[in-house]
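K.L.:
please work out how this folds:
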Amino acid sequence: MKKIILYAAAFLLGCAPLAAQQYSADWASLNKRGIPAWFNQAKFGIFIHWGVYAVPSFAVVGPGGYSEWYWYQLDGANDETHKKVRAFHDKNYGKDFGYQQFESQFKAELFDPAQWADVFKRSGAKYVVLTSKHHEGYCLWDNKQADSVWGRPWNAVTGTPKRDLLGDLTSEVRKAGLKMGYYYSLYEWFNPLWKKDKASYVKNVMTPQFKDLVTRYKPSVIFSDGEWEQSDTAWHSAELLAWLFNESPVKDEVAVDDRWGSNTRGHNNGATYLTSEYGSGMQPGVVWEESQGIGNSYGYNRMETVNDYKKSNDLVVLLVDIVSRGGNLLLDIGPTADGRIPVIMQQRLVDIGAWLETNGEAIYNTTPWKETRQWSVGNRPVVKEASFMSDYNVAKMIKPSKEYAHIEMFFTKKDDALYCIATSYTPQLRIKNFTPAKQAKAVILGSDKAITWKQQGKDCVVDLSGLRPGDLGNNLFVVKIQ
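P.N.:
I've put the predicted structure just below:
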């Protein structure tokens with residue numbers, strides 16, 4: 001008995017340094033923390049851009065046409081986009097109508113956080129990231145710093161909604177079993193203190209506001225942004241992250257992105273996960289996350305049509321491509337000013353969830369294989385590493401002759417299983433440079449149809465010729481070899 005007690009005491013003492021780990025305010029120390037394992041295992045999250053910009057909900061359609069930048073394009077920019085936004089604004093609201101007057105129309109009167117959370121749950125996402133404050137400075141929770149600088153209500157509780165939009169959604173998302181996180185902009189375009197005295201803004205607005213958000217709502221994710229006008233030193237980012245990792249109520253769980261200064265993106269993949277946006281992309285070997293809207297904009301843009309929205313199948317391929325390279329997809333929706341998620345966005349999310357219901361085993365908790373993708377023309381395999389999903393349907397570039405079918409395959413792995421995610425059907429699925437164990441079995445996720453495989457040289461060939469139309473259920477199917 002004494003030995004057991006001694007062993008237990010020794011074990012606890014051995015764990016003590018880990019539990020009491022303290023990080024100093026420098027990147028060398030912060031990078032020792034690592035990124036909580038849950039984050040890269042989750043693979044799929046929902047981004048939400050919602051604020052006063054949802055009232056005009058206007059942007060010039062196309063890449064970079066972000067409606068959440070309406071105020072800056074109206075009063076801060078000096079380019080062709082500014083001219084188009086100014087013309088739209090003057091025509092519809094009048095030359096003397098200031099951006100802050102839109103706040104009275106941001107009512108969120110139809111906001112149903114339980115319904116939002118239900119859609120997110122059905123999408124198959126594992127976490128949600130809401131814009132707590134974008135560059136306009138408007139907060140979706142009751143924060144005194146937001147009001148004090150402007151001298152007028154500039155948050156959702158003291159302002160027109162008269163509701164803690166962030167808190168209400170947080171509660172429902174967590175009830176649905178998902179993790180909740182927040183986007184937070186370090187700077188504000190037109191904050192008078194920011195424009196007058198940046199150091200004072202960091203000390204008296206940004207820092208206490210950030211700590212208020214974290215302490216009160218305990219996020220699992222912090223997506224920092226708006227960092228590019230100052231270095232991490234000017235933002236005091238290392239000090240803030242040391243507080244976050246040492247003292248905050250989420251010090252052990254929170255995952256943090258890489259946007260903490262003009263010199264930090266793409267660095268510090270120990271303290272922070274790296275971020276990619278609309279296809280800048282990354283390869284395996286780092287913890288990273290890609291964010292995109294279902295359309296071209298993050299915030300809701302009334303000018304976008306159905307042709308500007310990605311199709312459900314393309315969104316699934318986007319997710320698969322990113323996961324095959326070790327990343328997460330943070331897929332954005334833009335709610336309306338009255339608090340609704342546009343139905344077309346809901347449909348896209350539910351469609352992704354239906355695919356994940358059958359095939360999520362090949363996505364969640366997986367890691368990249370030695371090759372992220374292959375494709376072939378008929379049985380003649382071709383291997384290529386694409387720069388990013390923009391050329392995911394690279395088989396179109398091959399221009400195969402009529403007698404050959406083309407197929408692209410993405411790969412993930414987990415434990416002793418290899419998952420081959422195929423984007424179309426072919427009677428013989430050839431996996432190049434792969435030799436399974438002799439007793440390995442091949443199955444199609446979600447199907448009870450028997451399939452076999454055989455070794456041909458260095459390649460594994462899976463025989464799908466016995467399948468009939470409809471057996472796969474979806475053009476995008478998963479072969480598991482274990």
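
K.L.:
what's the neighbour count on Tyr127?
P.N.:
Around Tyr127 sit 23 other residues, with neighbours defined as other C-beta atoms under 10 Å. Every residue, glycine included, has its C-beta placed from N, CA and C.

K.L.:
need the pLDDT of it.
P.N.:
The score at Tyr127 is 98. That number is its pLDDT.

K.L.:
surely it touches Pro219?
P.N.:
No: taking C-beta atoms under 8 Å as the contact criterion, Tyr127 and Pro219 are not neighbours in contact, 9.9 Å apart.

K.L.:
tell me, what's touching those two both at once?
P.N.:
Any residue near both Tyr127 and Pro219 by C-beta atoms under 8 Å, 6 or more residues apart in numbering counts here, and that gives Met180, Gly181.

K.L.:
which residues touch stretch 340-347?
P.N.:
Counting by C-beta under 8 Å, 6+ apart, stretch 340-347 makes contact with 110-111, 116, 119, 294, 300, 306, 309, 312, 333-336, all of which sit outside it.

K.L.:
between those residues, which is nearest Thr170?
P.N.:
Proximity of the contacts of stretch 340-347 to Thr170, judged by C-beta to C-beta, is greatest for Trp116, which lies at 11.1 Å.

K.L.:
how far off centre is stretch 233-240?
P.N.:
Chain-centre distance of stretch 233-240: 24 Å, with C-alpha atoms, centre = their mean, to the nearest Å.

K.L.:
got a pLDDT number for the residue most central in space within the chain?
P.N.:
The residue lying closest to the centre of the chain (C-alpha atoms, centre = their mean) is Leu330, at 1.5 Å. At Leu330, the model reports a pLDDT of 98.

K.L.:
packing partners of the helix or strand hosting it?
P.N.:
Element membership for Leu330, per DSSP states H and E: strand 327-333. With contacts defined as 3 or more C-beta pairs under 8 Å, 6 or more residues apart in numbering; DSSP states H and E, the packing partners of strand 327-333 are helix 37-42, strand 44-48, strand 288-293, helix 312-324, helix 343-359.

K.L.:
buried sites along stretch 161-177?
P.N.:
The neighbour-count criterion (16 or more other C-beta atoms under 10 Å) identifies 161, 163-173, 176 as the buried residues of stretch 161-177.

K.L.:
one step back: mind listing what the residue nearest to the centre of the chain touches?
P.N.:
Remark: with contacts taken as C-beta under 8 Å, 6+ apart, Leu330 is in contact with Gly45, Ile46, Phe47, Val129, Phe223, Glu289, Glu290, Ser291, Gln292.

K.L.:
about what we covered before: how about JSON lines for the helices and strands packed on strand 327-333, with distance to Glu371 and mean pLDDT added?
P.N.:
Shown next, in JSON lines, are the helices and strands packed on strand 327-333 (distance: least, C-beta to C-beta, whole Å; pLDDT from 0 to 100):
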{"stretch": "helix 37-42", "distance to Glu371": "20", "mean pLDDT": "98"}
{"stretch": "strand 44-48", "distance to Glu371": "22", "mean pLDDT": "98"}
{"stretch": "strand 288-293", "distance to Glu371": "18", "mean pLDDT": "97"}
{"stretch": "helix 312-324", "distance to Glu371": "9", "mean pLDDT": "96"}
{"stretch": "helix 343-359", "distance to Glu371": "20", "mean pLDDT": "98"}
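
K.L.:
okay if I get the ones you listed as JSON lines plus mean neighbour count and distance to Val149?
P.N.:
Formatted as JSON lines, the entries for these read as follows, by neighbours: other C-beta atoms under 10 Å; distance: least, C-beta to C-beta, whole Å:
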{"stretch": "helix 37-42", "mean neighbour count": "17", "distance to Val149": "33"}
{"stretch": "strand 44-48", "mean neighbour count": "24", "distance to Val149": "24"}
{"stretch": "strand 288-293", "mean neighbour count": "24", "distance to Val149": "28"}
{"stretch": "helix 312-324", "mean neighbour count": "22", "distance to Val149": "38"}
{"stretch": "helix 343-359", "mean neighbour count": "18", "distance to Val149": "33"}
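
K.L.:
who's in contact with Pro56?
P.N.:
Ser67, Tyr70, Phe88, His89, Asn92, Tyr93, Phe102.

K.L.:
so what's the third one closest to, chain neighbours aside?
P.N.:
The reference is to Phe88. For Phe88, the nearest residue in space outside its immediate sequence neighbours is Phe58; the separation is 5.7 Å by C-beta to C-beta, 6 or more residues apart in numbering.

K.L.:
which SS state does that neighbour fall under?
P.N.:
Look at Phe58: counting by DSSP: H, G, I helix; E, B strand; the rest coil, its state is coil.

K.L.:
from Ile444, how far out is the residue nearest to the centre of the chain?
P.N.:
When C-beta to C-beta, to the nearest Å is the yardstick, Leu330 and Ile444 sit 29 Å from each other.

K.L.:
point out where the stretch 251-400 of the chain drops to low pLDDT.
P.N.:
Across the stretch 251-400 of the chain, residues meeting the criterion (pLDDT under 70) sit at 376-400.

K.L.:
if we can go back for a sec, and the residue nearest to the centre of the chain, bridged to which residues?
P.N.:
Under the criterion DSSP bridges, Leu330 forms beta bridges with Gly45, Ser291.

K.L.:
please name the bridge partners of Val129.
P.N.:
Going by DSSP bridges, Val129 is paired in beta bridges with Phe47, Gly181.

K.L.:
tell me, how many residues neighbour it?
P.N.:
Other residues near Val129 number 27, with proximity taken as other C-beta under 10 Å.

K.L.:
and it, how close does it get to Val214?
P.N.:
Between Val129 and Val214 the computed distance is 14 Å (C-beta to C-beta).

K.L.:
same thing with His135?
P.N.:
The gap separating His135 from Val214 is 19 Å, by C-beta to C-beta.

K.L.:
likewise for Leu241?
P.N.:
11 Å.

K.L.:
residues touching the closest residue in space to Met282 that isn't next to it in sequence, list them.
P.N.:
Nearest non-adjacent residue to Met282, counting by C-beta to C-beta, 6+ apart: Trp288, 4.5 Å away. Neighbour list for Trp288: Asn269, Tyr273, Leu274, Thr275, Ser276, Met282, Gly326, Gly327, Asn328 [criterion: C-beta under 8 Å, 6+ apart].
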